[in-house]
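>>> what's the 3D shape of this:
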Amino acid sequence: MANGLLKDFGIISDKDSDEVIDSFKIQREKQRMCVEKVQERSLDLQNLTCIGLDSKRDTNALLMNTITDGEEVRIFKTSGTVDNLTFTVESGTVRYPT
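Okay, here's the model as predicted:
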């Protein structure tokens, strides 16, 4: 149907059949556009930085407290709750599975 329309508009003729549309031409164009869009998206994500956060609460942690009284400094042990935070940063090129 598309080839008939192209022939009516004079784009293709019996002598010049370069613009004839077949299923393989459509398939190749789809593949080319897919690769092009993946490359564009990869450039967008190339400078992406991922920040991750993990936390853990330790309810019975050993703590060292310091009390300063004038010139006298006293250090003593206590137990209490401590929040431990871990930050991770990753950046780089995103790789798509093939």
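
>>> Tell me which helix or strand in the chain has the weakest average pLDDT.
The weakest-scoring helix or strand in the chain, judged by mean pLDDT, DSSP states H and E, is helix 2-8 (a mean of 76).

>>> okay, now the domains of this structure?
Segmentation of the chain into domains, based on automatic domain parsing, reads 1-46, 48-92.

>>> what's the least confident stretch among those domains?
Between those, the one with the least mean pLDDT is domain 1-46; it has a mean of 78.

>>> Please, where are all the strands along the protein?
Residue ranges of the strands in the chain, as given by DSSP state E, are 49-69, 72-91.

>>> Can you lay out these as a markdown table showing distance to residue 19 and mean neighbour count?
No exception for glycine: its C-beta is placed from N, CA and C like everyone else's. Listed next are these as a markdown table, based on distance: least, C-beta to C-beta, whole Å; neighbours: other C-beta atoms under 10 Å:
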| stretch | distance to residue 19 | mean neighbour count |
| --- | --- | --- |
| strand 49-69 | 46 | 9 |
| strand 72-91 | 45 | 9 |
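
>>> got JSON lines for the ones you listed, with distance to residue 5 too?
Converted to JSON lines, those look like this (distance: least, C-beta to C-beta, whole Å):
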{"stretch": "strand 49-69", "distance to residue 5": "49"}
{"stretch": "strand 72-91", "distance to residue 5": "50"}
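
>>> Those strands: which one's closest to residue 16?
Closest to residue 16 of the strands of the chain is strand 72-91 (C-beta to C-beta; 51.5 Å).

>>> That closest one pairs with which strands?
Here strand 72-91 is paired, per DSSP bridges, with strand 49-69 (antiparallel).

>>> Need the contact partners of the strand it pairs with.
Strand 49-69 is touched from outside by 73-91, with contacts defined as C-beta atoms under 8 Å, 6 or more residues apart in numbering.
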